[in-house]
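>>> I'd like to go over a predicted model; first the sequence, then the structure.
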Amino acid sequence: MDLEKIRTEVTSELNLQGTVAMAVYGSRVAGYAKEDSDYDVIVLVNGFADRLRYYYFSGKDSMYSVLVVDLNDAELDARESRLGEFFAGRLLNPYIPIFGADELRRIEVEYKKRVIEEELSYLYSDHGSFIYELLIPYRYFLYSKLRRRYLIYPPALYSYAMTYSPEREERNLSMTLPGFLEAAKGIEGLSAGNEWVSVQESYRFVERPLGEELDTFKRALLQYVYHSKSGKVKPDVVLWEAVSKIRRGASTKVENVYLKKPWLLLKLNGAELWEGDELRSLEKGGKYYFYRDRKVVVKRFLGKKQIKWYLLGVVGKPIKPFETSPIKRLYNEFHGLKWIRAHGINAPEPIAVSLKKRFIVKEYIDGSDLLSVIKSGGPQAEEATESFGRSLRAIHQLGAAIGDPKPENVIIRGSEPWFIDLEQFNGKAELEDMGWDIAEFLYYTISFILNKSHARATVNAFIRGYGESPEVFRQALSVRLMLPFLAIGRADGLMMIRKMMEEALGIEQQSQ
């Protein structure tokens, strides 16, 4: 490609004053041009009176399609979609500067910074706190944005499919991804590696006042408006070209699956990220499935249609709010399993997560649930309860709480407890959260034990395991934390349990 020839012919034909940058883009750069394809050229002009205009003309032996944009409008299109990204969108894909490379790069990076921030806000809206567990490749930002663009402007699909076809993808990505890398490194709260971005909890998500759908519609409208205003020769030529591109787009075979489903590029830090259909390949084996010769269980997270979570959300809110959102409970489960295992405490390994279908696949733990063990009584029950108390204390000392430590949510393997249900896990717990863990475990567990000496032995075993912690036990003995259990036990029975706890701790009756 003779860049000097392009510069000379464009400059000679248009004779524009105040030109600050020029670049060639499109099929000639991306590598899918035909013999008679135009040279697509961008020209930035400082103080361009028409703001945005297309020029068509013939050079010595080439046809040119030149988009001239006012520099200020170009910058505003990059920063805030002033032109519906009619100009800025061209900087998503490969281009070759003829001159003014620094100016073009500055605008490109500014635009790609906004693309990253917007795509992150969409991910957060869809997946909540899971965004902190995602590894997001720069290709994701590119392909997700291109997908949004061709959905509102179908004629663009052909060029995107050709640019990122398997035989051209690596070459063309090498030209466009560095701009995303540079943009990501300039965004506070992101950890930007050479291939991936991860989001830190300090990152502040941009707000989309109109919402994704309205924002997309607004840009689509602006893009069509400015396409018309750009004055690309006569109206009949514009119409013919649009119809031609739409027909071509409709018949386009998209070989790059990530242009259709960019979310397949996302990775989860600590487990596989599934679409959801993978469950069909699992072999059923009683209470569990087999996955790669491992026993696993599948736990689904339902919404408010599941009456249990609706009632807990309403009844428990004034005293101890339970998380009812399916995606948040799924996140708590995944994050909690990773957190507990990272601190050397027993929990199943998370194998896979489907954010789309809201389920987690995790290691199956053989054993008996703690409630069954405790109800059986004897030294084994006391040993298991004491061991559970030690593990719960270790979690609390690390600043976390289980949130729902009913004994059915704990499996005893040998004499060791395994925490298998963590959808109410809280990694930044307050004293009251820790007190709630103790209160729920004891009030709930003892309500299943009819023998008073058996109940007392269970309370004592737990307290031996947990050890001294006056502040936490003071919270656990609060009458307020006892109230939710009136739904499953009589008031006199709960007061008896509370009295046992006070006697075991050697403290006087609490008044609140």
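Ah, there it is.

>>> got the CA coordinates for the helix or strand containing residue 481 in CSV?
Using DSSP states H and E, residue 481 falls within helix 479-482. This file holds the C-alpha atoms of helix 479-482, laid out as CSV (Å, rounded to 0.1, in the frame of the first residue of the first chain):
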residue,chain,number,x,y,z
VAL,A,479,-33.1,-11.7,72.5
ARG,A,480,-33.5,-10.1,69.1
LEU,A,481,-31.6,-12.9,67.5
MET,A,482,-33.8,-15.5,69.2
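
>>> buried set for it?
The neighbour-count check on helix 479-482 (16 or more other Cβ atoms under 10 Å) flags 481, 482 as buried. All C-beta spots, glycine's among them, are computed from the backbone N, C-alpha and C.

>>> How far off centre is that helix?
The chain centroid and the centroid of helix 479-482 are separated by 37 Å under Cα atoms, centre = their mean, to the nearest Å.

>>> The nearest residue to residue 456 once chain neighbours are set aside - how many residues pack around it?
Spatial nearest neighbour of residue 456, excluding adjacent residues (Cβ to Cβ, 6 or more residues apart in numbering): residue 500 at 5.4 Å. Using other Cβ atoms under 10 Å, the number of residues around residue 500 comes to 20.

>>> Can you work out which other helices and strands pack against the helix holding residue 481?
Other helices and strands packing on helix 479-482, by 3 or more Cβ pairs under 8 Å, 6 or more residues apart in numbering; DSSP states H and E, are helix 431-446.

>>> then the following helix or strand past the helix holding residue 481 to PDB, C-alphas only?
Using DSSP H and E, the helix or strand that directly follows helix 479-482 along the chain is helix 491-505. Coordinates of each C-alpha in helix 491-505 appear next as PDB, following Å, rounded to 0.1, in the frame of the first residue of the first chain:
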ATOM      1  CA  ALA A 491     -40.800 -19.600  73.600                       C
ATOM      2  CA  ASP A 492     -40.200 -21.600  76.800                       C
ATOM      3  CA  GLY A 493     -38.000 -24.100  74.800                       C
ATOM      4  CA  LEU A 494     -36.000 -21.300  73.300                       C
ATOM      5  CA  MET A 495     -35.500 -19.600  76.700                       C
ATOM      6  CA  MET A 496     -34.300 -23.000  78.000                       C
ATOM      7  CA  ILE A 497     -31.700 -23.200  75.200                       C
ATOM      8  CA  ARG A 498     -30.600 -19.700  75.900                       C
ATOM      9  CA  LYS A 499     -30.300 -20.500  79.600                       C
ATOM     10  CA  MET A 500     -28.100 -23.500  78.800                       C
ATOM     11  CA  MET A 501     -25.800 -21.200  76.700                       C
ATOM     12  CA  GLU A 502     -25.500 -18.700  79.600                       C
ATOM     13  CA  GLU A 503     -24.700 -21.500  82.100                       C
ATOM     14  CA  ALA A 504     -22.100 -23.000  79.800                       C
ATOM     15  CA  LEU A 505     -20.500 -19.600  79.300                       C
END
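
>>> Buried residues, helix 491-505. List them.
In helix 491-505, counting by 16+ other Cβ under 10 Å, buried: 493, 494, 496, 497, 498, 500, 501, 502, 504, 505.

>>> what does stretch 451-460 give?
Those would be 454, 455, 456, 457, 458, 459, 460, for stretch 451-460 by 16+ other Cβ under 10 Å.

>>> quick one: which of these is nearest residue 442?
Nearest to residue 442 out of these is residue 459 (Cβ to Cβ; 6.2 Å).

>>> From residue 332, how far off is the closest residue in space to that closest one that isn't next to it in sequence?
Excluding the flanking residues, the one nearest residue 459 by Cβ to Cβ, 6+ apart is residue 500, at 4.7 Å. Separation of residue 500 from residue 332 (Cβ to Cβ, to the nearest Å): 31 Å.

>>> so where's the stretch 351-500 of the chain shaky on pLDDT?
Low-confidence segments of the stretch 351-500 of the chain (pLDDT under 70): 488-489.

>>> all strands of it, in order?
359-363, 368-369, 410-413, 416-419 (DSSP state E, counting those that start in this stretch).

>>> Same list (these) but as TSV, adding mean neighbour count and distance to residue 71.
Listed next are the strands of the stretch 351-500 of the chain as TSV, based on neighbours: other Cβ atoms under 10 Å; distance: least, Cβ to Cβ, whole Å:
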stretch	mean neighbour count	distance to residue 71
strand 359-363	22	51
strand 368-369	16	68
strand 410-413	22	65
strand 416-419	22	59
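
>>> CA atoms only for stretch 30-44 - export them in CSV, please.
Coordinates of each C-alpha in stretch 30-44 appear next as CSV, following Å, rounded to 0.1, in the frame of the first residue of the first chain:
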residue,chain,number,x,y,z
ALA,A,30,-8.0,-5.6,7.0
GLY,A,31,-7.0,-7.8,4.1
TYR,A,32,-10.3,-8.7,2.4
ALA,A,33,-10.4,-6.1,-0.4
LYS,A,34,-11.3,-7.0,-3.9
GLU,A,35,-9.4,-5.7,-6.9
ASP,A,36,-11.8,-2.8,-7.4
SER,A,37,-12.4,-2.0,-3.7
ASP,A,38,-12.2,1.7,-2.6
TYR,A,39,-9.5,3.1,-0.4
ASP,A,40,-11.4,4.1,2.8
VAL,A,41,-9.7,7.1,4.3
ILE,A,42,-10.3,9.2,7.5
VAL,A,43,-9.3,12.8,7.6
LEU,A,44,-9.4,14.9,10.8
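
>>> Report the distance from it to the chain centre.
On Cα atoms, centre = their mean, the centre of stretch 30-44 falls 37 Å from the chain's centre.

>>> In it, which residues are buried?
Buried residues in stretch 30-44, counted by 16+ other Cβ under 10 Å: 30, 32, 33, 38, 39, 40, 41, 42, 43, 44.

>>> so what secondary structure elements neighbour the longest helix seen in the chain?
Ranked by residue count under DSSP state H, the longest helix found in the chain is helix 101-127. When contacts are defined as 3+ Cβ pairs under 8 Å, 6+ apart, helix 101-127 sits against strand 19-25, strand 39-45, helix 71-80, strand 95-99, strand 134-137, helix 138-152, helix 169-185.
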